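Chemist: sequence first, predicted model second:
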Amino acid sequence: MRRALTALLCLAALPASAEGFGLAGVLSAKNRQDLPPIALSAGMPLADAPLVLKSGTYYEIEIIADGSAELALTGPEFFRAIWIDEIVIEGLEIRPLGLDSVEFDEAGTMEIGFLAIKPGRYVLQVPGVAGDLMRLEVSIE
């Protein structure tokens, strides 16, 4: 037990640059990627292509609603497979413990910063809409 504790303390003492990320570790600028936005618009696709993410990478994505209808975006399995750093809405920063869905009652933009964690295939979709039009597949590798 003492050896395991000593090994963990030694790893924690290593400079973050030894891991290749920089001083902020996985939250460093070297580990960040912007994703194409998700568009919430009545009867339109959410995105041009599925999202393929890498576990351990920090991502930022905008969700943009045009106000054509009151629309929600749900994906509880996806939201449990990531760690949400922050959600930004009109300059207000929210740091939630978890998320099931988001909803736009009118036009607006929301930015979500998150760390992809659990590999798998997930779906973000507008609830109550049949077919694949308002559905976005997300893979975490």
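Modeler: Noted; the coordinates are in hand.
Chemist: what segments of the protein are helices?
Modeler: Per DSSP state H, the chain carries helices over the ranges 2-13, 76-80.
Chemist: lowest-confidence stretch among the ones you listed?
Modeler: The minimum mean pLDDT among the helices of the chain belongs to helix 2-13 (a mean of 46).
Chemist: tell me the pLDDT at Phe21?
Modeler: For Phe21, the predicted pLDDT is 60.
Chemist: spit out the contact partners of the closest residue to Pro45 other than its chain neighbours.
Modeler: Excluding the flanking residues, the one nearest Pro45 by CB to CB, 6 or more residues apart in numbering is Leu133, at 5.7 Å. Every C-beta, even on glycine, is put in place using the N, C-alpha and C of the backbone. By CB atoms under 8 Å, 6 or more residues apart in numbering, the contact set of Leu133 is 43-45.
Chemist: cool, Thr57 as well?
Modeler: 26, 31-33, 115-116.
Chemist: does Glu106 touch Ala65 like I think?
Modeler: Yes: using CB atoms under 8 Å as the test, Glu106 is close enough to Ala65 to be in contact (7.4 Å).
Chemist: quick one, which of those two is more surrounded?
Modeler: For Glu106 and Ala65, the more surrounded residue by other CB atoms under 10 Å is Ala65, and the numbers stand at 24 against 8.
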